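K.L.:
Quick one, fold the following:
(chains A and B)
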Amino acid sequence: MEQLLQHLERFSEVLAVSRTTHVSTWDPATVRRALQWARYLRHVHKRFGRHACISKALERRLQNQWKQQGDSGPAPAPGLANFQALGHCDQLLSLRLLANTALGDASFHYLLQQLFPGPGVPDAEEEWLQGSLARLARRRAAIHMLRFNAYGENPVLQEDSLMKTQAELLLRRLQEVGEAEAGGPGRLLSSLWERSPQNNFLKVVATALLLPPSSPRHQEEELELGSPKTTGEEGQKLLRWLLGKSDVMVAFCRSLPAGLLTSVAGRHPELSRVYLGLLTDWGRQLHYNLQKGLWIGTESQDVPWEELLSRFQSLCQAPPPLKDEVFTALKSCKAQDGDFEVPGLSIWTDLLLSLGSSA
Amino acid sequence: MAQDSVGLPSDFQFWMRKLSVWDLASTLETQQDTCRHLPRFQEFLRQLYEALKEMDSNAIIERFPTVGQLLAKTCRNPLILAYDESQKILIWCLCCLIKKDPQNSGESKFNSWTRGLLSHILSTFRFDIKEVDLFTQVLGYAPTDYYPGLLKNMVLSLVSELRENHLNGFNTQRRMAPERVRSLSRVCVPLVTLPDFEPLVEALLTYHGHEPQEVLWPEFCDAVNEAFLLKKISLPTSAILCLWLRHLPSLENTMLHLFEKLISSERNFLRRIECFMKDSSLPAAACHPAIFRVVDEMFRYALLETDGALEVLAAIQVFTRCFVEALEKEDKQRCQENQRGKESFQQTALKQVDIQLKFAFKTYFPYASPSLVMVLLQHPKDIPQGLWHQALKHISEMLKEVVEDQTHGSYGGPFESWFLFVHFGGWADMVAEQLMTSEAEAEAPEALLWLLAFSCSPGAGHQQRAQTMVEVKAVLSCLMKLLRSPTLSARDLQAAAGEGGEGAPRPPACQQLIRRLLLNFLLWAPGGHAIAQEVITLMAQTDAIMHEIIGFLDQTLYRWDHLCVEAPRSRKLARELLAELRGQA
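P.N.:
The predicted structure is shown next:
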C-alpha cells in the first residue's frame, strides 16, 4: 500500500512537470515510462475505485501534497487534484504533453505513435485512449458549433449553461478542498473573491446557491466534470462564507439583478433576512426632496429609489413565505416611522404605495 | 492500394477547392454544402491517410506539396471536426507529417507548425469570455477539464428551450424562433452520432411549432435516420415516429433497408427478420395508421413487382405479427396509464400525433370488410386447436363472399382481399396443414380447398379456380391414402402428385401448391422422415425451388414456435431438413 502511495505521489509530480519547460529533457523512454505509469494508475482507479478505504487513503495522500504546495490559496492543480482524476490521468498527461511546445521532436514523435497508433489497433488500452482523445476533439468542435450557431445567453441567469458549469466547478472544487482540511473552502472563496473578476464571481455564487441538490452519482469513466458528487453540503459552506463576509454580501446584494436575488433569497431564508436588512438600511439613507418630489440619497454610493423599488417589487412577486416576510418588514418599518399614509414623509409608506398598486 | 492513390491527386485538387470555398465564409450555403459532403470527405481523408502512412516526409512533400494547407483548412472547419471519425483520421494524417528529427530550420518550423495544428484540435477552446476563462483558471481547472460538462449543460439548456416552446405555446418570451430551430437542426447534422447530443436530437424531432412548413432541415432527418438504422444512436419510439411522420424519405429508406436484408443475408431466416423488424421500430410506429399505410403500400408494391415472391410474403407476415403485438401492448399500456391518471410527456407527444384506438381498424385496412378483419386478427393461439378447422372455414366463406359476389365491389376486388388474407400468416399457412392433418372428414372440405386455391392464385377466374380445386382434391385423396401406409417410397409420392403425367402441365402457382402439400405430407406422415431427403432432392430441380423449400421449412418452424404447436417428431424432421438444405444452398 505504501508503495502504491509513493507511486501516486511521484506520478503527481510527473504530471505537474509535464506542463513546464522541464520536459525538454525528456527522451522517448521517459515519455514511455510516464505513459505506462499513467496507465497503471488508471487501472488502480478502476480496481479500487469502489473500495472506500483504499480510495480515501489515496485521496488523503494527494490532499497532503496540496497543502505542502504552500498557502498562496488554491494551487492551480498542477498535479493530481483528487482520486477521481486518476480515472483519466493518462488522458490528462497526454493532453499536457501534446500542448507543451518544449517537448523535443523525437519525444513528441514517440508520443504520437503511442497515442494515435491508427486504425485496427489490437490493444484495447491504446484504442481507449485514442478514442477518448478523438472524442474530446469532437466535443470541442460541437461546443464551437453550438456557440456560434445556436447559443443564446439565457436571460434567466441561473439556467445559463456557462453560469451553471462555472457553478458546478466551484462546488466541485469546494468539495475537494473541504475534504483536505476544514478551513479550506473559506480560504478558497476569499482567494477567489480577491483574484477573479468580481461581478462574474458573484453571479457564479448565486447560480451555485440555486443549483438543484444533486443525488450521489456513480463514478464517470470519462474526463467529465459535470454534475459533481456534491450533496448540498458545499452549498451550505458557500452560504456560510457569504453571510460571514459583509463586504461580499453588500456587493452581492447590490450588483446582482433583482430577479436573481429574489430566487436566492427564496431558497435560503438566512440570506433573505440579511438581504432585507440591507435593503432597509439603504432605504433609510434616502431623504425626500420636496422640489423634485423624489427620494434621493446624499452620497454617490447610495442606492437610488428606482433600484430599491425594483428590488422590492421583485421580492413581492416571490411565493410565500418570502413575500409575506417582505410585507411584514415593510409594514413594521412604516409603523416605526409613524404609520403615515401621506406620501413624502416616510419612504416605507411610499414604497408600500407603489407596491400596493402592483401587489 | 495502388489504384486508390491514382485517383488521389485529382480528388486532392477537388477537395482543396471545396475547402477553400468553405473556409472563406461560413454562410448558410457553405454550411449546407459542407454537410452534404461530409461522408465523402471522410472517405477521402481515409484514403489520404493510407497513402501518407506509407511515405516518409520528403516523399509526402514531393507528392502532395500542399497537403499542409489542406489539413490546416480542415482543422479550421468545425463541421468536419464534429463529424463521425473525421477528427481522428485528420489527427492520423497530421501525425504522418511530424518528423522525428528535423534536419534544418525549415523542417523544424514545419514540425512546430504541425504540432500547433494538433494542439489546436485537441486543446483549448476559448469561449471568448475572458471572465469565465479567468475564473476557471483561478479555480485551477483547464478548459479540457470542464467542457464535457459545459457541453452537457448547453444541450440541456437547448432541450429545455425547445420543450418550453412546445408546452407553453403562448409564452412568447421563451419562444425559440423557427429560424433558430432550423439552424439548430442544421448544426446537429454532423453530431447526431455523438451520445451527448441524443437529448437534443430527440427534442428536435418531437418539436412542434406553429408554422405550416416543416422547420427541420431535411438533411438532419436523413442523418438521424441513417444513424438509427446503423444503430449509432438510440432513440425512443415516439421520437422515431415523429421523424417518419415529418420526413417520408426516412421511412422509405428504412423499408428499403429491410428489403435489402430480406434478399441478402437474412434470406429465409424469419427469426432474424423478426429481430430486425422489432429493432427498427417499424411495428411500434405502425400503430399510427399513417405509418402503417405507407409501410403496407410499400409491401404491396414489392409483392406486385416480384410477382408474389415468397420472401416478401413472409416479411409481410412477420411485420403484421409484430404490429398486432405492438398494438395490443400499447392498448394495455394506455389502459394502465388511464387508470393511474398520469400522463407522461411521451403520452402527450403520442396524443398529439393522434393514435387511433384499437377498434378503428378501418384506418389500417380501409379496403377490407371490418368483420373479416376482426376474424383474421384473432390469434390462432386464442382458439382451441380443434376449432381451427372451423375458423378457417368461416374465413373461407367470408372471403368467398367478397371475392365472388359482384355487389361487394367496394372492397377492392380479389387482389385486395388476397393481400389482406396473406398478412395473417397464422391462418394463411395453416390451410394446407389442416387439410393434411385433420381427421374429421373423409373428403377434403370444399371451403378449405377454395381457400387454398385462392391463396395461391387470387387472380384466377372462377373456372380456373374450380379446375385447381379438382386437381388438388385428387392429389389430396392419394396422399391421404398413403398417409397410413407403413411402407412409403418416393415413387409413391411422385405418383400421387401426378408428376410426369399426361395432360397439360400445371401452372406454376399450382405446382407450388402441390409442392406445399407434399412437404406437409412429409412432415406429418409417420413414414415421412424416411423418404424426406429423397423426395426433396427430386423436387428441388432448380435453385428457386430449393429456396422455396427452405423458406417453407423456416416459415413452418417459425409458425409452430409462435403457436406453440406440439409436434416433436415433425419439428425434429423439419429442423434437420432445414439444417441440411441450408448447408447445401
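K.L.:
Residues in contact with stretch A:318-337: which ones?
P.N.:
Residues outside stretch A:318-337 that contact it (C-beta atoms under 8 Å, 6 or more residues apart in numbering or on different chains) are A:262, A:265-266, A:269, A:272, A:276, A:280, A:283, A:312, A:315-317, A:340, A:345-346, A:348-349, A:351-352, A:355, A:359. C-betas here are computed from N, CA, C, even on glycine.
K.L.:
just how off-centre is it within its chain?
P.N.:
33 Å (C-alpha atoms, centre = their mean, to the nearest Å).
K.L.:
what about burial for the contacts of stretch A:318-337, which qualify?
P.N.:
A:262, A:265-266, A:272, A:276, A:280, A:283, A:312, A:315-317, A:346, A:348-349, A:351-352, A:355 (16 or more other C-beta atoms under 10 Å in any protein chain shown).
K.L.:
Pick out the residue of the stretch 251-359 of chain A closest to chain B.
P.N.:
Nearest residue of the stretch 251-359 of chain A to chain B, counting by C-beta to the nearest C-beta: residue A:259, 13.0 Å away.
K.L.:
If you count neighbours, what's buried in the helix or strand where that residue lies?
P.N.:
Per DSSP states H and E: residue A:259 is located in helix A:258-267. Under the neighbour-count criterion of 16+ other C-beta under 10 Å, helix A:258-267 has A:258-266 buried.
K.L.:
Likewise for stretch B:486-502?
P.N.:
Neighbour count says stretch B:486-502 has B:488, B:490, B:492-494, B:496-497 buried, by 16+ other C-beta under 10 Å.
K.L.:
likewise stretch B:276-284?
P.N.:
B:276-277, B:280-284.
K.L.:
Find the least confident helix or strand in the chain, judged by mean pLDDT.
P.N.:
Using chain A. helix A:52-68 (a mean of 67; mean pLDDT, DSSP states H and E).
K.L.:
Wait, chain B was what I had in mind.
P.N.:
For chain B, counting by mean pLDDT, DSSP H and E, that's helix B:345-352 with a mean of 54.
K.L.:
any weak-confidence spans in the stretch 51-200 of chain A?
P.N.:
Scanning the stretch 51-200 of chain A for pLDDT under 70 picks out A:52, A:55-56, A:59, A:62-84, A:152-155, A:179-182.
K.L.:
Could you do the stretch 151-300 of chain B as well?
P.N.:
For the stretch 151-300 of chain B (pLDDT under 70), the answer is B:165-175, B:265-266.
K.L.:
mind listing what whichever residue of it sits closest to chain A touches?
P.N.:
The stretch 151-300 of chain B approaches chain A most closely through residue B:153 (3.8 Å), counting by C-beta to the nearest C-beta. Counting by C-beta under 8 Å, 6+ apart, residue B:153 makes contact with A:161-162, A:164-165, A:168, A:226.
K.L.:
Can you name the two of those residues that sit furthest apart?
P.N.:
A:162 and A:226 (14.0 Å; C-beta to C-beta).
K.L.:
between these two, who's got more neighbours?
P.N.:
More crowded of residue A:162 and residue A:226, by other C-beta atoms under 10 Å in any protein chain shown: residue A:162, with 24 against 20.
K.L.:
Please name the nearest non-neighbouring residue to the more buried one.
P.N.:
The shortest distance from residue A:162 to any non-neighbouring residue, by C-beta to C-beta, 6 or more residues apart in numbering or on different chains, is to residue B:132 (5.9 Å).
K.L.:
where does the one you found land on pLDDT?
P.N.:
pLDDT recorded at residue B:132 is 77.
K.L.:
rewinding a little: out of the contacts of stretch A:318-337, which sit inside helices?
P.N.:
A:262, A:265-266, A:269, A:272, A:276, A:280, A:283, A:312, A:315-316, A:348-349, A:351-352, A:355 (DSSP state H).
K.L.:
from what I can see residue B:270 touches residue B:311, true?
P.N.:
No. Using C-beta atoms under 8 Å, residue B:270 makes no contact with residue B:311, being 9.7 Å away.
K.L.:
Mind checking which of these two has more residues around it?
P.N.:
Using other C-beta under 10 Å as the criterion, residue B:270 and residue B:311 rank with residue B:270 on top: 25 against 20.
K.L.:
which stretch of helix or strand covers residue A:295?
P.N.:
Residue A:295 belongs to strand A:294-296 when assigned by DSSP H and E.
K.L.:
Give me the next element, helix or strand, following the least confident helix or strand of chain B.
P.N.:
Next element after helix B:345-352 (DSSP H and E): helix B:370-377.
K.L.:
pLDDT on whichever helix or strand comes after that following helix, on average?
P.N.:
With elements assigned by DSSP H and E, the helix or strand that comes after helix B:370-377 is helix B:388-404. Helix B:388-404 carries an average pLDDT of 84.
K.L.:
Chain neighbours aside, what residue packs nearest to residue A:110?
P.N.:
That would be residue A:28: by C-beta to C-beta, 6+ apart, it lies 3.7 Å from residue A:110.
K.L.:
what's the burial count for the one you found?
P.N.:
Residue A:28 - counted by other C-beta under 10 Å - has 17 other residues nearby.
K.L.:
got the contact list for it?
P.N.:
Residue A:28 sits next to A:106-107, A:109-110 when contact means C-beta under 8 Å, 6+ apart.
K.L.:
Over to residue A:206?
P.N.:
Contacts for residue A:206 were tallied using C-beta under 8 Å, 6+ apart; they are A:157-158, A:252, A:256, A:260-261, A:264.
K.L.:
Where does it sit, in terms of helix or strand?
P.N.:
Using DSSP H and E, residue A:206 falls within helix A:198-210.
K.L.:
I'd like to know how far residue B:282 sits from residue B:96.
P.N.:
44 Å (C-beta to C-beta, to the nearest Å).
K.L.:
Residue B:73 now?
P.N.:
Residue B:73 is 17 Å from residue B:96, where distance means C-beta to C-beta.
K.L.:
Which one's more surrounded, these two?
P.N.:
residue B:96 (21 against 18).
K.L.:
which residue sits closest to that one in space, ignoring its chain neighbours?
P.N.:
With C-beta to C-beta, 6+ apart, the residue lying closest to residue B:96 is residue B:52, at 4.0 Å.
K.L.:
wait, doesn't the one you found sit right on residue B:94?
P.N.:
No. Using C-beta under 8 Å, residue B:52 is not in contact with residue B:94, being 9.5 Å away.
K.L.:
Give me the domain ranges for the chain.
P.N.:
Chain wasn't specified; assuming chain A. Domains of chain A are assigned by automatic domain parsing as A:1-97, A:104-120+A:139-219+A:230-256, A:269-354.
K.L.:
look at chain B instead
P.N.:
Per the record, chain B has its domains at B:8-143, B:147-166+B:174-246, B:268-337, B:366-498+B:506-583, by the TED database.
K.L.:
Spatially central, which residue of chain B would that be?
P.N.:
residue B:258 (3.9 Å; C-alpha atoms, centre = their mean).
K.L.:
mind saving the C-alpha coords of the host helix or strand of that residue as CSV?
P.N.:
Element membership of residue B:258 [criterion: DSSP H and E] is helix B:248-263. The C-alpha trace of helix B:248-263 is given here as CSV (Å, rounded to 0.1, in the frame of the first residue of the first chain):
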residue,chain,number,x,y,z
LEU,B,248,-41.3,10.4,-45.5
PRO,B,249,-38.0,9.6,-47.2
SER,B,250,-36.7,8.4,-43.9
LEU,B,251,-39.5,5.8,-43.6
GLU,B,252,-38.9,4.8,-47.2
ASN,B,253,-35.2,4.3,-46.6
THR,B,254,-35.9,2.2,-43.5
MET,B,255,-38.2,0.0,-45.6
LEU,B,256,-35.6,-0.3,-48.4
HIS,B,257,-33.0,-1.3,-45.8
LEU,B,258,-35.4,-4.0,-44.7
PHE,B,259,-35.9,-5.3,-48.2
GLU,B,260,-32.2,-5.4,-48.7
LYS,B,261,-31.9,-7.6,-45.7
LEU,B,262,-34.7,-9.8,-47.0
ILE,B,263,-32.9,-10.7,-50.2
